[in-house]
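Undergrad: when you get a sec, could you give me coordinates for this:
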Amino acid sequence: MSGDLTVAEVARALGCSEPKVRRLIRSGQLSATNTAATSGRPTYTVSRSALAAFKRARKVVAA
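TA: As a prediction, the model looks like this:
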């Protein structure tokens, strides 16, 4: 799990809010791991490679 990013770190990297990152995770657009110890509120971490893949997929190419 070392090197994984928190939702807050991902939000900063993407320039968006933490709730937006959670929505991206829940919708399946951004791959993450739920590291919560219980069935309560999920605690997500995102691998650096998953963040890079998300950024590549969202990159807009000029026509």
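Undergrad: just for the protein, where's the confidence low?
TA: 1-2, 60-63 (pLDDT under 70).
Undergrad: show me the strands in it, by range?
TA: Taking DSSP state E as the criterion, the chain contains strands spanning 5-6, 33-34, 44-46.
Undergrad: format those as CSV; extra columns: mean neighbour count and distance to residue 55.
TA: In short, each C-beta sits where N, CA and C put it, glycine included. Shown next, in CSV, are those (neighbours: other CB atoms under 10 Å; distance: least, CB to CB, whole Å):
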stretch, mean neighbour count, distance to residue 55
strand 5-6, 17, 12
strand 33-34, 13, 18
strand 44-46, 20, 11
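Undergrad: so which of these gets nearest residue 15?
TA: strand 5-6 (14.2 Å; CB to CB).
Undergrad: what comes into contact with the closest one?
TA: Strand 5-6 is contacted from outside by 13, 44, 45, 46, 47, 48, 51, using CB atoms under 8 Å, 6 or more residues apart in numbering.
Undergrad: quick check: longest helix of this protein.
TA: Ranked by residue count, the top helix of the chain under DSSP state H comes out as helix 48-58.
Undergrad: figure out how far it is from the centre of its chain.
TA: 9 Å (CA atoms, centre = their mean, to the nearest Å).
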